[in-house]
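> What would the 3D arrangement of this be:
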Amino acid sequence: EYRGFEKFCEGRPFTEMAGITARICGIYPVSHLLAAAKTGDKILAVKVPVAAEKLRRLMNLGQITQSHALSFFHLSSPDFLLGWDSDPAKRNVFGLIAANPDLARAGIRLRQFGQTVIELLGAKKIHAAWTVPGGV
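As a prediction, the model looks like this:
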């Protein structure tokens, strides 16, 4: 499916790409952010400082944590845990909360933890425009 995001990037300085491409996706913005920053690293032929590399990795781990929690607990677990044969009107995150509040709460907290890591590093839970070519 053509969505035309590359048109936003045409004619823009490469230093803006991390901030622009992070907005392509609300579920995996850190992945796009880091990919753009790493591309900028290669364009500049720079070695990212060890501390910046570790901070980038930490932010990516926050992204992985929150996106996996979203995928499993919010999107998939109602089907898996409530069953394919359950009432479709109840086979959703609200039905899961009613059926197993502790599990639902754990899923919400896990996603919140991942988002907190992202927010602490990037000042926002979603669309953090924090890392730049050559560092953070």
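> okay, CA-based contacts and neighbour counts for the rest of this
OK.
> Could you name the helices and strands sitting against the helix or strand hosting Ala18?
Using DSSP states H and E, the element containing Ala18 is helix 17-21. Applying 3 or more C-alpha pairs under 8 Å, 6 or more residues apart in numbering; DSSP states H and E, one finds that helix 17-21 contacts helix 5-9, helix 29-44.
> Could you check the angle the lengthiest helix in the chain makes with helix 29-44?
When the chain is parsed with DSSP state H, its longest helix is helix 101-122. On the basis of axes from the mean of the first three to the mean of the last three C-alpha atoms, to 10 degrees, helix 101-122 is oriented at 30 degrees to helix 29-44.
> ok, the residue minimising distance to the centre of the chain - contacts?
Centroid-nearest residue in the chain, with C-alpha atoms, centre = their mean: Tyr28, separated by 3.2 Å. Tyr28 makes contact with 63, 67, according to C-alpha atoms under 8 Å, 6 or more residues apart in numbering.
> got it, and Lys47?
41, 134.
> How much space separates it from Phe8?
Applying C-alpha to C-alpha, to the nearest Å, the value for Lys47 to Phe8 is 28 Å.
> Determine the number of other residues adjacent to Phe8.
Other residues within reach of Phe8, judged by other C-alpha atoms under 10 Å, total 11.
> Apologies, that question was intended for Ser67.
Counted with other C-alpha under 10 Å, Ser67 comes out at 18.
> That one reaches Ile27, doesn't it?
Yes - counting by C-alpha atoms under 8 Å, Ile27 is a contact partner of Ser67 at 6.5 Å.
> and the gap between Ser67 and Gly83?
Using C-alpha to C-alpha, Ser67 is found at 22 Å from Gly83.
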